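S.K.: the following block contains a protein sequence and its predicted model.
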Amino acid sequence: MLSKNIETALNKQLRIEAESSQIYLAMASWSETHGLEGISKFMYAQSDEERIHMLKIIKYINERGGHAKVTDLQEPKTNYITFKEMFEEVYKHEVFVSEAINDLVHVSLTEKDYATHNFLQWYVAEQIEEEAQAKVILDKINLIGDDKGGLYLFDRDIQQLTLKNSESSK
Ligand code: FEO
C-alpha cells in the first residue's frame, strides 16, 4: 500500500509525464507545418514515449492500492521562432524532468518505500538517456546555426535516430 505522500508525489510525476507528451506533440505539429519531416517524426515518437512513461506510473499507483488521477494539463507552447529555440526547450525540459525524478527518489527513500524506489530506477536510467540525447541534438543544432543545407541533412539524420530509438524500445 502506498503512503499518501508517495501517492501524491507519484501523481505529480504522472502529470509531468502527461505534460511532456503534450509539449512534444505540440513541437511535432509545429515542425510538421515548417517542412521538416524528420524532426516532426522524432517529436511524435518522443510524445508517444512520454505517454508510455505516464501510463507506467498510472499502472504502478493503482497496483499498489493508490488512485492515479488524470487531471487537466498546462497548455503547451505551440509556436517557436526557430528549431534551435525548440531544441533548447527540449533540453531544458528534460533537465527539469530529471530533477523531478530525483526529488521523487528522495521522497521514496525518506518514506522507506523501497518498492517505489526500485520502480523509479527505470526512470533514473531513462532520464540519463533522454537528457544525453537532447544535449547531443542541441549541440548539433548549434553547430548548424543558420545553414539551411545543414538543417536539411540534420532532418534526415534525426529520422534515423527515431528509427533506432523505436527499435531499441521494442
Ligand atoms: Fe518522461 Fe522525457 O521524460
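M.R.: Perfect, I can see it now.

S.K.: okay, buried residues for the helix ranked longest in the chain please.
M.R.: Secondary structure of the chain per DSSP state H: the longest helix is helix 114-144. Residues 116-117, 119-120, 123, 126-127, 130-131, 133-134, 137-138, 141, 144 are the ones in helix 114-144 that count as buried (16 or more other C-beta atoms under 10 Å). The way it works is simple: take the backbone N, C-alpha and C, and place the C-beta from them, glycine included.

S.K.: check these against the ligand, which are close?
M.R.: When the buried residues of helix 114-144 are checked against the ligand using C-beta under 6 Å from any ligand atom, the ones in range are Glu130.

S.K.: between the buried residues of helix 114-144, which is closest to the ligand?
M.R.: Glu130 (4.4 Å; C-beta to the nearest ligand atom).

S.K.: pretty sure that closest one contacts Glu94?
M.R.: Yes: the criterion here is C-beta atoms under 8 Å, and Glu130 meets it with Glu94 at 5.0 Å.

S.K.: get me the contact residues on the chain for the ligand.
M.R.: Going by C-beta under 6 Å from any ligand atom, the residues of the chain near the ligand are 17, 20, 50, 53, 94, 97, 130.

S.K.: what residue in the protein is the furthest from its centre?
M.R.: Gly149 (28.3 Å; C-alpha atoms, centre = their mean).

S.K.: what about that one, distance to Glu63?
M.R.: 51 Å (C-beta to C-beta, to the nearest Å).

S.K.: and for Ile101?
M.R.: 19 Å.

S.K.: all helices for this protein, in order.
M.R.: 4-32, 37-63, 83-110, 114-144, 148-168.

S.K.: mind listing what's buried in the shortest one?
M.R.: Which is helix 148-168. Those would be 151, 154-155, 158-159, 161-162, for helix 148-168 by 16+ other C-beta under 10 Å.

S.K.: circling back to that earlier point, ok, the residues of the chain next to the ligand vs Leu10, which is closest?
M.R.: Top of the list for closeness to Leu10, among these and by C-beta to C-beta, is Glu17 at 10.5 Å.

S.K.: grab the nearest non-local neighbour of the closest one.
M.R.: Distances taken as C-beta to C-beta, 6 or more residues apart in numbering put Met54 closest to Glu17, at 3.8 Å, once the chain neighbours are dropped.
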